[in-house]
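Undergrad: Predicted model and sequence below, questions to follow.
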Amino acid sequence: MLGKYLDNVREKAPLVHNITNYVTVNDVANVLLACGGSPIMADDLREVEEITSICGGLNINIGTLNSYTIESMLQAGYKANELKHATLLDPVGAGASKLRTNTAEHLLQEIQFDVIRGNISEIKTLAVGTGTTKGVDADEADTVTEENLEAMVTFTKHFARNKKCIVAITGAIDLVADSNKCYVIRNGRAEMSKITGTGCQLSGMITAFLVANPQEKLEATVAAVAAMGLAGEIAFTYMQEGDGNTTYRNRIIDAIYNMDGKTLEEGANYEVR
Amino acid sequence: MLGKYLDNVREKAPLVHNITNYVTVNDVANVLLACGGSPIMADDLREVEEITSICGGLNINIGTLNSYTIESMLQAGYKANELKHATLLDPVGAGASKLRTNTAEHLLQEIQFDVIRGNISEIKTLAVGTGTTKGVDADEADTVTEENLEAMVTFTKHFARNKKCIVAITGAIDLVADSNKCYVIRNGRAEMSKITGTGCQLSGMITAFLVANPQEKLEATVAAVAAMGLAGEIAFTYMQEGDGNTTYRNRIIDAIYNMDGKTLEEGANYEVR
Amino acid sequence: MLGKYLDNVREKAPLVHNITNYVTVNDVANVLLACGGSPIMADDLREVEEITSICGGLNINIGTLNSYTIESMLQAGYKANELKHATLLDPVGAGASKLRTNTAEHLLQEIQFDVIRGNISEIKTLAVGTGTTKGVDADEADTVTEENLEAMVTFTKHFARNKKCIVAITGAIDLVADSNKCYVIRNGRAEMSKITGTGCQLSGMITAFLVANPQEKLEATVAAVAAMGLAGEIAFTYMQEGDGNTTYRNRIIDAIYNMDGKTLEEGANYEVR
């Protein structure tokens, strides 16, 4: 079922406006090109509305937020909502500072996002204010496991209902839910956590999938999440002696570049709860 | 003929001041090192004149422009002109927002550039105000083809005459012209458009070639453009199963690193119109 | 002796706050993950104290400093000192502009750093005001050689005594000294100078080593410096035909990722003066 969502991205080549951090921005641009989309990065207040207008989707990532870009995120978000463009929030480091938590909450109040994608600690912070955090990484105490899965599925659906959007919690097990339905995705590898920016890359990619599949946003999000995990699996099969996290990063984007709908269809490992 | 321009870069190791975007900046720095130059990135208003003064060339790229860096671009440009340093403008996304178009036009009014390098849509926007744009990528409707080549050669020369500088339009077919002479370069591969920043990299590299070859700026620009395309061809021969756009990016910079004058001489594919 | 310092990083997974440049920031994040640490980048004035508080160490790098980040560096530094966190200053380009020199000097006056790491030209600028500089690279006239080694050891110890901290001067020969003891490290390869950011990466990594080895900061710094050089040696053994500086960059971070204490122990090449 999921393959067609990737095929649609390759066919429609959606233009995605990214207001994102300067740490992983190059990888976000390259993964958007790899999946068939087209990236543009722009964060000056005087151009973000216009740039968003010519794009199909808006990817907001607060990884290195500052006073100027926060205002740009808001104005771009208002415009994207007005134009009914696809919108995604990646609340990087929510819980690590009040500025990040407050900014993420403020963006959620002001803008209707199609998808919020974060790690479990970031999402817990936004949902119940109690997520712990280890900087921009999830705290192990929060991890989604087979043991707490049923409770986490309920939690994710509940937060999705509350925010009227799709929630994607990514980690060893990924959860993608709207208020009624939760996909549990078991693609990916533990080594992906040793690369900076796989989450940021995924957020960019989800936005492209949303633009290309406007009628089935939940499934499109699931497809992007599964594609990223599957790319991690495929990339790992190409790892050679001496390769480490940086080569793995490159090979993952390469695997997205080479992935077709059929490969995604066959490799995606998920269930619905 | 072109090989010596690369040899001169390796011999003189020109220092290039880059005020550029945060998306592709790392690749720009690495490609400058790869071709034999030395990069410095600095964009604070309080230091740009001083940094430009110790360099031989100034590469201005508006890919993620903002209020602060625009002013820095201007001041650095004034100083570079005063010192008769090599100067290049890369008008990333001109046409995609009024801020970008206006900034590029303002920079062109205030600063005398040696080279303007952009894709066809960006250059059309600056030349006749009618370029369409797909974000930061060229619109297909604008593409330089064998069919419209003669007209595009005339257009490029005319814009070069108008701006009193060298114009480099890069795409499937590259055009590098001053008011009298247009080089048509047919190196490169279509897959290069699936990598973010090959244009930005080329702009950095052209600046280094200008500094190292002050008496023959047109030919030096042609050499840099051909070197980038040839690197794309060489890099492609090293692509293995599973490799994609990110590995291709790495291999292209690697190919520049390993290229000598003789290789460029033999691999450059160009004609004069 | 040095292996255990790396083992401690892998065991304790120190969180490092980086206020660093946008050129090499992605590599800094990936090398921190590669050595077993965890990076967070944050530079807005409203969050830097809080982010520093949840971390174990603070890495300040002035590579693309600006008015806003300079103030953030100061406030983060005050907080780190108050909390007795590990602190490192990387004075990128000190000597290349007054803004850089003055900022580095001001940071040194206001904040007690555990380590200052730079190239010889940057350190000479800060020590005696006479370092020459070639942009962000060391001037050849300043190079540490076997001929001037004894004098340079004395110089390094003297500057360390003066600044009451550890001084790490990296280049073909690396010197790491406190006021009494200077380690001379002869790992690494000349080709590393053709990659942007190996110095920035090392600064991030030293900070992680300091956090994980609070009782033996001098030796921990030596271990990080030797690890980086050794990674350059190991990475070079994996270089294949067609590989250049970008692939070398990737392989170096990969080599850190795969390095264990025993490998560092056996490969480190140093003496004490």
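TA: Looks like it came in fine. Worth saying up front: this structure is predicted, and the values here are computed from it rather than measured.
Undergrad: so A:I206 makes contact with A:E219?
TA: No. Because the distance of 11.7 Å does not satisfy C-beta atoms under 8 Å, A:I206 is recorded as not touching A:E219. (Each C-beta comes from the backbone N, C-alpha and C, glycine too.)
Undergrad: between the two, who's got more neighbours?
TA: Under the neighbour definition other C-beta atoms under 10 Å in any protein chain shown, A:I206 and A:E219 were set side by side, and A:I206 has more, 33 against 18.
Undergrad: got the buried residues for whichever helix or strand A:T154 is part of?
TA: Element membership of A:T154 [criterion: DSSP states H and E] is helix A:149-163. Buried residues in helix A:149-163, counting neighbours by 16 or more other C-beta atoms under 10 Å in any protein chain shown, are found at A:M152, A:V153, A:F155, A:T156, A:K157, A:F159, A:A160, A:K163.
Undergrad: follow-up on the earlier one: shared neighbours of A:I206 and A:E219, which are they?
TA: Shared contacts of A:I206 and A:E219, defined by C-beta atoms under 8 Å, 6 or more residues apart in numbering or on different chains, are absent.
Undergrad: Tell me the buried residues in stretch A:240-247?
TA: In stretch A:240-247, the ones that count as buried by 16+ other C-beta under 10 Å are A:D243, A:G244, A:N245, A:T246, A:T247.
Undergrad: for stretch A:103-121, same thing?
TA: Neighbour-count burial for stretch A:103-121 [16+ other C-beta under 10 Å]: A:103-104, A:107-108, A:111, A:113-121.
Undergrad: Check the offset of it from the chain's centre.
TA: Computed by C-alpha atoms, centre = their mean, to the nearest Å, the chain-centroid distance of stretch A:103-121 equals 11 Å.
Undergrad: cool, stretch A:64-72 as well?
TA: The offset between the C-alpha centroid of stretch A:64-72 and the centroid of the whole chain comes to 19 Å, using C-alpha atoms, centre = their mean.
Undergrad: Stretch A:34-50 now?
TA: A distance of 16 Å separates the centroid of the chain from that of stretch A:34-50, by C-alpha atoms, centre = their mean.
Undergrad: Could you do stretch A:63-80 as well?
TA: Using C-alpha atoms, centre = their mean, we find the averaged C-alpha position of stretch A:63-80 to lie 17 Å away from the chain's own average C-alpha position.
Undergrad: Briefly note if that stretch comes near chain B.
TA: Yes. In terms of C-beta under 8 Å from any C-beta of the partner chain, part of stretch A:63-80 sits within range of chain B, namely A:Y68.
Undergrad: neighbouring contacts of that stretch?
TA: Counting by C-beta under 8 Å, 6+ apart, A:17, A:19-24, A:43-45, A:48-49, A:51-53, A:57-58, A:60, A:62, A:86-87, A:90, A:92-93, A:99-100, A:103, A:106-107, A:110-111, A:136, A:200, B:66, C:41-44, C:46, C:68 sit against stretch A:63-80.
Undergrad: What subset of these is buried?
TA: Using 16+ other C-beta under 10 Å as the burial test, the contacts of stretch A:63-80 include A:17, A:19-24, A:43-45, A:48-49, A:51-52, A:57-58, A:60, A:62, A:86-87, A:90, A:92-93, A:99-100, A:103, A:107, A:111, A:136, A:200, B:66, C:41-44, C:46, C:68 as buried.
Undergrad: Filter those down to just the ones in strands.
TA: Among the buried ones among the contacts of stretch A:63-80, the members falling in strands are A:H17, A:I19, A:G57, A:L58, A:I60, A:A86, A:T87, A:D90, C:M41 (criterion: DSSP state E).
Undergrad: Now stretch A:216-223: average pLDDT?
TA: In this model, stretch A:216-223 has a mean pLDDT of 98.
Undergrad: List the buried residues of that stretch.
TA: Of the residues in stretch A:216-223, those with enough neighbours to count as buried (16+ other C-beta under 10 Å) are A:E216, A:K217, A:L218, A:E219, A:A220, A:T221, A:V222, A:A223.
Undergrad: so how far is A:N8 from the first one?
TA: Okay, so that is A:E216. According to C-beta to C-beta, to the nearest Å, A:E216 and A:N8 sit 10 Å apart.
Undergrad: circling back: keep the buried residues of stretch A:240-247, but drop any that are not near chain C.
TA: Of the entries in the buried residues of stretch A:240-247, the ones placed beside chain C under the rule of C-beta under 8 Å from any C-beta are A:D243, A:G244, A:N245, A:T246, A:T247.
Undergrad: Out of the residues you listed, which sit inside helices?
TA: With helices defined by DSSP state H, the entries of these inside them are A:N245, A:T246, A:T247.
Undergrad: does the first one really touch C:L32, like I thought?
TA: No. Because the distance of 10.4 Å does not satisfy C-beta under 8 Å, A:N245 is recorded as not touching C:L32.
Undergrad: who touches the residue in chain A that chain C sits nearest to in this structure?
TA: Distances between chain A and chain C by C-beta to the nearest C-beta are smallest at A:G244, namely 2.9 Å. Contacts were defined as C-beta under 8 Å, 6+ apart; by that measure A:G244 touches C:A34, C:I253, C:D254, C:A255, C:I256, C:Y257, C:N258.
Undergrad: now swap in A:A224 and tell me
TA: Contacts here follow C-beta under 8 Å, 6+ apart; on that basis A:A224 touches A:Y5, A:C35, A:L202, A:M205, A:I206, A:A208, A:F209.
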